[in-house]
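>>> Next comes the sequence, and after it the predicted model I'd like to discuss.
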Amino acid sequence: MAMTRRSLDWGFPRWRAYGGAREAAQVRLCDRHGCDAPGDCPAPKAPNSRERWMFCQRHAAEYNSGWDYFAGLDKAERGERAGAERRENSGYAEAQHYGWGASGDGSRSADEMRALNVLELEADADFAAVKRAWREKAKAVHPDVRPGDKAAAAEFQKLHLAYEVLKAAEDRRVWRG
């Protein structure tokens, strides 16, 4: 008589993961001919169609690179759909990176650029240069150095605010990685 193998589900703790099964999991392969990567990215077979291809990430990116969202629509429907998209997504037009028209490369917001102008720095200045410039300028107009001088106090507040804006931006950049 053959020995039966004991199940791994006996006793406590369970000796295999919950939800783990001994059967092989069904994996759908990429619909691109010759690709044997898992197909986990759905892509429409035709414009305005519910049928989907299932591609791997590489083939989905290739498929979507030339995709025309408005294909198959006549001119009136195309205009109506484009208008609806603009109305519903108008908040994206107000993002700080949208339509960059100021100096710099677009990696800094308009507030950061104004703060750099207050500190008399270039648009590509790093944070070490910001610190140096702030310390030099703040020492000259600090209220402890010039007591009772209202113009110097206002200038110090302006410099301090510019430094705080740039420090917060640097902290966000460091935090995001």
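That came through, no problem. Residues are numbered from 1 along each chain as shown.
>>> any weak-confidence spans in this protein?
Low-confidence segments of the chain (pLDDT under 70): 1-25, 90-106, 177.
>>> try 50
Along the chain, the model assigns pLDDT under 50 to residues 96, 100.
>>> Give the other helices and strands that the helix or strand containing residue 167 contacts.
Per DSSP states H and E, residue 167 falls inside helix 150-176. On a contact count with 3 or more Cβ pairs under 8 Å, 6 or more residues apart in numbering; DSSP states H and E, helix 150-176 meets helix 110-118, helix 127-141. Placement of C-beta: from N, CA and C, glycine included.
>>> and these, which is most packed in?
helix 110-118 (a mean of 17; mean count of other Cβ atoms under 10 Å).
>>> Work out the gap between that helix and the centre of the chain.
23 Å (Cα atoms, centre = their mean, to the nearest Å).
>>> Work out the gap between the helix holding residue 167 and the centre of the chain.
24 Å.
>>> Would you mark the buried spots in that helix?
152, 155-156, 159, 162-163, 165-166, 169 (16 or more other Cβ atoms under 10 Å).
>>> What of stretch 27-34?
Buried, per 16+ other Cβ under 10 Å, within stretch 27-34: 30-32.
>>> nearest to residue 136, of the buried residues of helix 150-176?
residue 159 (9.9 Å; Cβ to Cβ).
>>> How about residue 82: what's its closest non-neighbour residue?
Residue nearest to residue 82 in three dimensions, not counting chain neighbours: residue 70, with 7.0 Å by Cβ to Cβ, 6 or more residues apart in numbering.
>>> pretty sure that neighbour contacts residue 76?
No: Residue 70 is beyond contact range of residue 76, at 11.5 Å (criterion: Cβ atoms under 8 Å).
>>> who has more neighbours, these two?
Neighbours were counted for residue 70 and for residue 76 using other Cβ atoms under 10 Å; residue 70 has more, 15 against 8.
>>> The more buried one and residue 176: what is the separation?
Separation of residue 70 from residue 176 (Cβ to Cβ, to the nearest Å): 34 Å.
>>> roughly how far apart are residue 163 and residue 51?
From residue 163 over to residue 51 (counting by Cβ to Cβ), the distance is 57 Å.
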